[in-house]
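Participant: below are the sequence and a predicted model for it; my questions follow.
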Amino acid sequence: MPAAVPAMRRLILYTTDGCHLCEAAAALLRSMPELSRTPVIEVDIALDEALVRRYGTRIPVIACGAREATWPFSADDVLGLLQV
């Protein structure tokens, strides 16, 4: 029986409109050629009260599964989140 194919890793960027730090974080992610095949999903926390309570004062936050990094994070931090 063949081995199971691991699920594609994806990153979630918790953000909100008008956040200059969030814009900087998104620009960092866009500048990383290593992420060209990695889905990056931006989630506006303002649309979910539970996310506002969890991330309100910490955004931007990047997450991969249960692992998270809070700004300021580096390209190395982001790549570290993708490691299994």
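Facilitator: Structure's in. What do you need?

Participant: quick one: classify residue 12 as helix, strand or coil.
Facilitator: strand (DSSP: H, G, I helix; E, B strand; the rest coil).

Participant: now do it, the pLDDT please.
Facilitator: Note for residue 12: predicted pLDDT of 97.

Participant: low-confidence stretches in the chain?
Facilitator: 1-8, 84 (pLDDT under 70).

Participant: give the buried residues for the longest helix along it.
Facilitator: Criterion DSSP state H: the longest helix present in the chain is helix 20-30. By 16 or more other Cβ atoms under 10 Å, the buried positions in helix 20-30 come out as 22, 25, 26, 28, 29. For every residue, glycine as well, the C-beta is placed using N, CA and C.

Participant: what does stretch 30-39 give?
Facilitator: 35, 38.

Participant: which parts of this protein are helices?
Facilitator: With DSSP H as the criterion, the chain has helices spanning 20-30, 49-55, 75-82.

Participant: need the residues that contact the first one.
Facilitator: Residues lying outside helix 20-30 but in contact with it, judged by Cβ atoms under 8 Å, 6 or more residues apart in numbering, are 11, 13, 15-16, 35, 40, 42, 59-60, 62, 71, 73-75, 78.

Participant: one more time with 10 Å
Facilitator: With contacts defined as Cβ atoms under 10 Å, 6 or more residues apart in numbering, helix 20-30 is touched by 11, 13-17, 19, 35, 38, 40, 42, 44-45, 59-62, 69-75, 77-78.

Participant: in PDB, list the C-alpha atoms belonging to it.
Facilitator: Extracted in PDB, the C-alpha atoms of helix 20-30 (Å, rounded to 0.1, in the frame of the first residue of the first chain):
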ATOM      1  CA  HIS A  20       0.800  49.100   8.400                       C
ATOM      2  CA  LEU A  21       2.600  46.300  10.100                       C
ATOM      3  CA  CYS A  22       0.300  43.800   8.400                       C
ATOM      4  CA  GLU A  23       1.100  45.400   5.100                       C
ATOM      5  CA  ALA A  24       4.800  45.000   5.800                       C
ATOM      6  CA  ALA A  25       4.300  41.300   6.800                       C
ATOM      7  CA  ALA A  26       2.400  40.700   3.500                       C
ATOM      8  CA  ALA A  27       5.100  42.400   1.500                       C
ATOM      9  CA  LEU A  28       7.700  40.100   3.200                       C
ATOM     10  CA  LEU A  29       5.700  37.000   2.300                       C
ATOM     11  CA  ARG A  30       5.300  38.200  -1.300                       C
END
